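Peer 1: let me see the structure of the following:
(one chain, ligands or ions: 2)
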Amino acid sequence: METEIILETLELVKRFGSFTANDRLSLAFRKGEIHALLGENGAGKSTLMNMLSGMLSPDEGQILFRGRPVAFASPREAAREGIGMVHQHFMLIPALTVAENVALGMKQGRSPFFGYKRACAAIRELSDRFGLDVDPEKRVSSLSVGQQQRVEIMKTLFRGADFIILDEPTAVLTPPEVKELFRVLRTLKENGKTIVFISHKLKEIREICDRVSVLRLGKLIGTTDQADTTSADLARMMIGRDIQAP
Ligand code: ADP
Ligand code: MG
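Peer 2: Numbers count the residues shown, from 1 in each chain. Ligands and ions are numbered 1, 2, ... in the order given. Just a heads-up that it's a prediction; the model follows:
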């Protein structure tokens, strides 16, 4: 059974000067899937996701979210619609507590500020529901990298995200932390969240993802069901030729 499309890009283009980083990309993400975005360094993965999360504006093309055209002027606007992104480099303030980091910036705009106690309670509730194991009262400087990453995921959930983009999330993690992250991603998926998992690691993609979209040199090579594709096929799509045996 095909589930509904939650987000779609139509011929999306992003240029930096005369360089085309994203060349007419048309992709669709299904509600509740873990969708990998695979590609070598420089393929255009982060650029695409920065457009979906309001960090960059497209030069051409369109983004449809829940069937409606959207244009985000900032990450805050994307967050308001339910799209959150966890960047490769975390954006946390180490001297502050988890709750302070998570509720930071929520005072301005329309969203009512929670108050510290209520923020802590809301974080505990989300932590339990999604198995994040995040303690709102801990100082961020005392946390491991894996825990800090889960605080970043918490930030997106706290703002109501149900489309969550993780940019190369395993690059900074130890193997046990990767296991922990995958457990969290499965729980998010079971709760209907859509996950975009950016990576160039085939093994991880095969383990956690339902479908894979492959980018090469700013172009979409294709989207495949993970179960129907071998690692060799994915590698060939990613680099444009067979990998040499070592
Ligand atoms: P990936 O995430 O797949 O490694 P990126 O989307 O970060 O790739 O980058 C794609 C290409 O666009 C790269 O060649 C990169 O150098 C270029 N690029 C990305 N961001 C900028 C920018 N802000 N200014 C100029 N070039 C950029
Ligand atoms: Mg990148």
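Peer 1: in a helix, residue 51, correct?
Peer 2: Yes: judged by DSSP: H, G, I helix; E, B strand; the rest coil, residue 51 forms part of a helix.
Peer 1: once you drop chain neighbours, what's closest to it?
Peer 2: residue 58 (5.2 Å; C-beta to C-beta, 6 or more residues apart in numbering). For every residue, glycine as well, the C-beta is placed using N, CA and C.
Peer 1: who's in contact with that neighbour?
Peer 2: If a contact means C-beta atoms under 8 Å, 6 or more residues apart in numbering, then residue 58 has 12-14, 22, 51 as its contacts.
Peer 1: can you give me the helices in this protein?
Peer 2: Remark: helices assigned in the chain by DSSP state H are 45-52, 75-81, 98-103, 116-130, 145-158, 175-190, 202-208, 231-239.
Peer 1: reformat those as JSON lines; add mean pLDDT, mean neighbour count and distance to ligand 1.
Peer 2: Output for these, formatted as JSON lines (pLDDT from 0 to 100; neighbours: other C-beta atoms under 10 Å; distance: least, C-beta to the nearest ligand atom, whole Å):
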{"stretch": "helix 45-52", "mean pLDDT": "98", "mean neighbour count": "23", "distance to ligand 1": "3"}
{"stretch": "helix 75-81", "mean pLDDT": "95", "mean neighbour count": "19", "distance to ligand 1": "15"}
{"stretch": "helix 98-103", "mean pLDDT": "94", "mean neighbour count": "25", "distance to ligand 1": "25"}
{"stretch": "helix 116-130", "mean pLDDT": "94", "mean neighbour count": "16", "distance to ligand 1": "26"}
{"stretch": "helix 145-158", "mean pLDDT": "97", "mean neighbour count": "22", "distance to ligand 1": "17"}
{"stretch": "helix 175-190", "mean pLDDT": "97", "mean neighbour count": "16", "distance to ligand 1": "19"}
{"stretch": "helix 202-208", "mean pLDDT": "94", "mean neighbour count": "16", "distance to ligand 1": "14"}
{"stretch": "helix 231-239", "mean pLDDT": "93", "mean neighbour count": "16", "distance to ligand 1": "11"}
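Peer 1: give me phi/psi at the residue nearest to residue 51?
Peer 2: phi -70, psi 150 (degrees, to the nearest 10).
Peer 1: now the two most distant members of the contacts of residue 58.
Peer 2: 13 and 51 (9.7 Å; C-beta to C-beta).
Peer 1: common neighbours of these two, please.
Peer 2: Common neighbours of residue 13 and residue 51 (criterion: C-beta under 8 Å, 6+ apart): 22, 58.
Peer 1: show me what contacts the residue nearest to the spatial centre of the chain?
Peer 2: The centroid of the chain falls nearest to residue 165 when counting by C-alpha atoms, centre = their mean (1.0 Å). Residues near residue 165 by C-beta under 8 Å, 6+ apart: 49, 52-53, 83-86, 195-196, 198.
Peer 1: ok, what's across the strand from it?
Peer 2: On the basis of DSSP bridges, residue 165 is bridged to residue 85, residue 196.
Peer 1: quick check, residue 3 in contact with residue 35.
Peer 2: No: Residue 3 lies out of contact with residue 35 (C-beta atoms under 8 Å); the separation is 11.7 Å.
Peer 1: pick out whichever of these two has more residues nearby.
Peer 2: A count of neighbours by other C-beta atoms under 10 Å puts residue 35 above the other of residue 3 and residue 35, at 22 against 12.
Peer 1: that one reaches residue 193, doesn't it?
Peer 2: No: when contacts are counted by C-beta under 8 Å, residue 35 is not listed as touching residue 193 (11.6 Å).
Peer 1: looks like residue 181 contacts residue 172 (just checking).
Peer 2: No: when contacts are counted by C-beta under 8 Å, residue 181 is not listed as touching residue 172 (10.4 Å).
Peer 1: touching both of these two, which residues are there?
Peer 2: residue 149.
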